[in-house]
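**Student:** task: produce atomic coordinates for the following.
(2 chains)
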2 protein chains.
Amino acid sequence: MEENESMALPQALENYRKQYRKIKLFQDISSVLHWDSEVMMPEEGREYRSTQIAAVAELTHEWMTDPSFLELIQSAKLTTKELPESERSLWNRELEILMEEKEKADKLPSEFVAEFAKLTNLAHAEWAEAKKERNFKLFSDRLEELVNLSKKQADYFGYTTEPYDALLDTYEKGAQANQIQILFSDLKNSLIPIVAKAPKFENPFKKPIPITKQTKFCNRLPSILGLTKKESRLDISNHPFSTSLGKGDKRITTRYSETDPLTSIFGVLHETGHSLYESGLSTMPNWPNPLTEYLSLGIHESQSRLWENQVGRSLPFWEFMYPILLNDFELSESELPFQDLYKYINSTEKSKIRVEADQVTYNLHIILRFEIERDLINGKTKVKDLPEIWNSKMKESFGMTIENDAEGVLQDIHWSMGAFGYFPTYTLGNIFSAQFFKKFTQEYPDSHNKFASKGDFSDLLSWLRKNIHSKGKILTIENLVSEATGEPANAKYLISYLEEKIKEVSISN
Amino acid sequence: MEENESMALPQALENYRKQYRKIKLFQDISSVLHWDSEVMMPEEGREYRSTQIAAVAELTHEWMTDPSFLELIQSAKLTTKELPESERSLWNRELEILMEEKEKADKLPSEFVAEFAKLTNLAHAEWAEAKKERNFKLFSDRLEELVNLSKKQADYFGYTTEPYDALLDTYEKGAQANQIQILFSDLKNSLIPIVAKAPKFENPFKKPIPITKQTKFCNRLPSILGLTKKESRLDISNHPFSTSLGKGDKRITTRYSETDPLTSIFGVLHETGHSLYESGLSTMPNWPNPLTEYLSLGIHESQSRLWENQVGRSLPFWEFMYPILLNDFELSESELPFQDLYKYINSTEKSKIRVEADQVTYNLHIILRFEIERDLINGKTKVKDLPEIWNSKMKESFGMTIENDAEGVLQDIHWSMGAFGYFPTYTLGNIFSAQFFKKFTQEYPDSHNKFASKGDFSDLLSWLRKNIHSKGKILTIENLVSEATGEPANAKYLISYLEEKIKEVSISN
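**Tutor:** Down below sits the predicted model:
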């Protein structure tokens, strides 16, 4: 199907890729099953669906760990020696990336993978129920099972310093908790004075905006950013997410609040950022192969945050979108003055809920979660004590009193998915996004004008395609950031972005 | 998971069922992929999705035809001899049914199955495009490939009298084209005088009914018939269909016409009937096993037709639904008089389009398709001549002139799915449905009152559950019909139902 392939690859390379693609094909089938279960499935379908998802996970894990697949990879590896030097290094990188992934998979018994998949699928419904009932106890037994399975998983993977590192590494290759601890402490220290002076602005929507009107506006956003309707769709789910179901098929979801339309809008902008990355990966040559996968969750998150914050909370973006919003929401300028809207978009207000947090306080939520889950996986904390720990940390960092578990420890989906080690990647993404965007604006100083006057984001998308999306897993995270921006990853661009933003909205106050 | 299984089955029976269920699990995954591709998927996802569907088909076919599965079945078969006589016959039937299915699968090479699945998935889009363009030539090459593959399939299966029988048998076990020809000729002769005197009534909807209002009404229908929202959902697709995605997950679709709301309503009633059957099958003991599958397409269709026609076009049904319809459509009685609505529901008018046909002329459409596809598969007709043959038969049977292929030979999805031999099952379903419903009304003479006064269809659903749904594949088609109704299948109840209906609406004219 790919052009390059018509130039007859050596048989051993063909053979290995064929098997890799079969595995990938079924992993993507699992994504369809999962998307459907979150967005479409009637509730009584859950048990059978969880059995299906577990069966696919077991099957792909079997294929991945089958000795015959290792033989195919080894033959491919030998064959690369015969290739011209220009092609050899990319093939070696491809096989190396795959072997790293495969070695991780090899460490997990098939039954463990199936058990984990089935448990997390069941846990999801129980977490949702417990959250609805605002009662952690309804979920704590299952969470304890998940923590225990995750500790077991860390043991299977192995680690040098602490069990948590083994899980972190699956989301952010090479990341280590003690280094993240240092980075996050510095960030926290810089954030505290920013939070102290960051102004809060009132919700300018004086009356509820019906969901049909919000949907009309939201449906425009992906196309404006560069994600076409032919390759994507937007739906509603309890917790916004995005997923790639294969080439030409990206799914994003959001949720709607009649009283605060920013909920749905920023959900869409965020998830569109993720899907633009996946869409870019799908257009890499010889897709799919191990190099056309996303590099890390931190890099993935940088793409969503960049569109959500650096673009979506910017003045030029709203200069373009404001008249469209007024039209779709059937509001007059006097009903929704531009300055009131723009300030509200950049308002800072301590919140109990992470997904409702502004861009300034957001990272404090992450740091809290990182500290808690790190202790949980390292065995320093017990599941039953989680609500108390959560609530006291919220008091300490935010000065807020948690009234019930739904607004506390039960608010996030992640642990119900057995995704420990995932949270820190959000803040890494924020750090990367500010650094990428700064570099882009230096290279394209006129970009703001094009955003504001024409809603033209093609320069930005091209820059991202060239520097991030088209790189897949070819580079390490470290090298990707350095090559794209000319320096190693660091938080100073995030800090200066936030400081400037606060200044901007405070002056115009 | 099933109660009966806790009573520890002999190991060989456990083992065989485990493998059977794995195959079934992946077949149901394929149904998810297919539903999504028809109802949700963005268009650029089609190629990759067709590869996925083909891969699952290939995989399940490999498992089904793997010698190790045969060994499991043979061991299970031996083990049944040790069972008490009370259990033995059901087990033997289960294994016999499976072996029949397996022997069919064994006759098809895996590559053939994958090719067929991939081709039909691609053909679907091309058929839709050709239909949109009203141009058969855009589809004829692909259709020729499908016909050739289907002939090859008939050869693989083998047949006694004619190739078409081999395909027919996959939808309606044991059915034979020459017998159907006789049945259909008799039916045609009986139908002609009915069609001649059947009155046509005008569309009583004087203004378009917005889709939102129709959706509100349509969403009520499955629950009223007995299909809960917890186990089902209703969506929109180009061609209405229903599919079971597993226990507790039935999907139905319909399509909307603003000028004729009966299109969506009868789509929903029809597909709900199919899903009620699947829902009943899912509640059979030890689901899933080979006996909990639907018996035949004719029986499946009898369930949809029964709810669509015998119930959905009946006076008591509309006595109950009329005020609800007026409310949802925001119409007054004078804007939509009951008699006008009821007559229109039972209006007869020759149509070029099968799915728009009334219950009287519908079977003439089927007979036409049966004759054409029989000749096509038996090699008496060439694909390129199809439009001409179609159009001349429409002239002959209906006296109508086909203006373009979209209203002619391209109107139906079936051939693009490679489903030759499927059409006759629609008319068999009509025959069965009238016979079943007659028997039900004899056993429950009060049922009409309960429909009309309370919208209570539980007696009917219980009767169907008991006599049809809970039987799965335990009985042959012949025995199912005889046991349920006390006599062999015959068309006289369909004829008398139609005659009475015509009399009823003609008198009140």
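**Student:** residue numbers of chain A in contact with chain B?
**Tutor:** A:1, A:22, A:25-26, A:28-29, A:32-33, A:36, A:40-49, A:51-52, A:55-56, A:228-233, A:245-250 (CB under 8 Å from any CB of the partner chain). Just so you know, the C-beta spots here come from the backbone N, C-alpha and C atoms, and that holds for glycine as well.
**Student:** change it to 7 Å
**Tutor:** A:22, A:25, A:28-29, A:32-33, A:36, A:40-45, A:48-49, A:51-52, A:55, A:229-233, A:245-249 (CB under 7 Å from any CB of the partner chain).
**Student:** filter those residues down to the buried ones, ChimeraX style.
**Tutor:** This is how ChimeraX selects the buried members of the residues of chain A next to chain B, with burial counted by 16 or more other CB atoms under 10 Å in any protein chain shown:
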select /A:22,25,28,29,32,33,36,40,41,42,44,45,48,49,51,52,55,231,232,233,245,246,247,248,249
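**Student:** show me the residues of chain A next to chain B that map onto strands.
**Tutor:** Within the residues of chain A next to chain B, residues falling in strands by DSSP state E are A:232, A:233.
**Student:** tell me who's in contact with the residue of the stretch 251-400 of chain A found nearest chain B.
**Tutor:** Among all residues of the stretch 251-400 of chain A, residue A:251 sits closest to chain B, at 8.4 Å; criterion: CB to the nearest CB. Residues near residue A:251 by CB atoms under 7 Å, 6 or more residues apart in numbering or on different chains: A:35, A:232, A:233, A:235, A:242, A:243, A:245.
**Student:** for the residues you listed, which one is nearest residue B:83?
**Tutor:** residue A:35 (43.5 Å; CB to CB).
**Student:** just give the nearest non-adjacent residue to the residue positioned nearest the centre of chain A, would you?
**Tutor:** When CA atoms, centre = their mean is applied to chain A, the residue found nearest the centroid is residue A:301 (4.3 Å). Leaving aside its sequence neighbours, residue A:301 sits nearest to residue A:429 (CB to CB, 6 or more residues apart in numbering or on different chains; 2.5 Å).
**Student:** which SSE is the one you found in?
**Tutor:** Assigned by DSSP states H and E, residue A:429 belongs to helix A:424-443.
**Student:** got the buried residues for that helix?
**Tutor:** In helix A:424-443, counting by 16+ other CB under 10 Å, buried: A:424-440.
**Student:** pull up the gap between residue A:13 and chain B, please.
**Tutor:** Residue A:13 sits 20 Å away from chain B, taking CB to the nearest CB, to the nearest Å as the criterion.
**Student:** ok, residue A:469 next?
**Tutor:** Taken as CB to the nearest CB, the span from residue A:469 to chain B is 17 Å.
**Student:** which pLDDT value goes with residue A:360?
**Tutor:** You'll see residue A:360 listed with a pLDDT of 95.
**Student:** ok, it - contacts?
**Tutor:** Contacts of residue A:360 by CB under 7 Å, 6+ apart are A:191, A:194, A:195, A:198, A:348, A:498.
**Student:** tell me the one of the residues you listed nearest residue B:485?
**Tutor:** Nearest to residue B:485 among those, counting by CB to CB, is residue A:348 at 73.4 Å.
**Student:** next up, the contacts around the nearest residue to that closest one once chain neighbours are set aside.
**Tutor:** Of all residues not flanking residue A:348 in the chain, residue A:198 sits nearest, at 3.5 Å (CB to CB, 6+ apart). Taking CB under 7 Å, 6+ apart as the criterion, residue A:198 is in contact with A:348, A:360, A:502.
**Student:** in a strand, the second one, correct?
**Tutor:** Spelled out, it's residue A:360. No. Counting by DSSP: H, G, I helix; E, B strand; the rest coil, residue A:360 is not part of a strand but coil.
**Student:** where does the closest residue to it other than its chain neighbours fall, phi/psi-wise?
**Tutor:** Closest residue to residue A:360 apart from its sequence neighbours, by CB to CB, 6+ apart: residue A:348 at 4.5 Å. Backbone geometry at residue A:348, expressed as degrees, to the nearest 10, gives phi -110, psi 130.
**Student:** residue A:348 is in contact with residue A:358, isn't it?
**Tutor:** Yes. Counting by CB atoms under 7 Å, residue A:358 is a contact partner of residue A:348 at 4.8 Å.
**Student:** neighbour-wise, which of these two wins?
**Tutor:** Per other CB atoms under 10 Å in any protein chain shown, whichever of residue A:348 and residue A:358 has more neighbours is residue A:348, with 23 against 19.
**Student:** what separates the more buried one from residue A:302, distance-wise?
**Tutor:** When distance is defined by CB to CB, to the nearest Å, residue A:348 is 21 Å away from residue A:302.
**Student:** who are the contact partners of residue A:176?
**Tutor:** A:161, A:165.
**Student:** for chain A, longest helix please?
**Tutor:** The longest helix of chain A (DSSP state H) is helix A:11-39.
**Student:** who are the contact partners of residue A:381?
**Tutor:** Applying CB under 7 Å, 6+ apart to residue A:381 gives the contacts A:372, A:375, A:389.
**Student:** measure it to residue B:52 for me?
**Tutor:** Remark: distance between residue A:381 and residue B:52 (CB to CB) = 42 Å.
**Student:** please apply the same query to residue A:431.
**Tutor:** Taken as CB to CB, the span from residue A:431 to residue B:52 is 37 Å.
**Student:** and residue A:469, by the same measure?
**Tutor:** Applying CB to CB, the value for residue A:469 to residue B:52 is 23 Å.
**Student:** quick one, helices of the stretch 151-300 of chain A?
**Tutor:** A:163-171, A:177-197, A:211-225, A:262-282, A:297-305 (DSSP state H, counting those that start in this stretch).
**Student:** those into JSON lines, with extra columns for mean pLDDT?
**Tutor:** Listed next are the helices of the stretch 151-300 of chain A as JSON lines, based on pLDDT from 0 to 100:
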{"stretch": "helix A:163-171", "mean pLDDT": "97"}
{"stretch": "helix A:177-197", "mean pLDDT": "93"}
{"stretch": "helix A:211-225", "mean pLDDT": "98"}
{"stretch": "helix A:262-282", "mean pLDDT": "97"}
{"stretch": "helix A:297-305", "mean pLDDT": "98"}
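**Student:** can you list contacts of the helix or strand bottoming out on mean pLDDT in chain A?
**Tutor:** Least confident helix or strand, chain A: helix A:110-132 with a mean of 89, by mean pLDDT, DSSP states H and E. With CB under 7 Å, 6+ apart as the test, helix A:110-132 has contacts from A:46, A:50-51, A:53-54, A:57-58, A:61-62, A:136, A:138-139, A:142, A:145-146, A:149, A:238, A:406, A:410, A:413, A:416-418.
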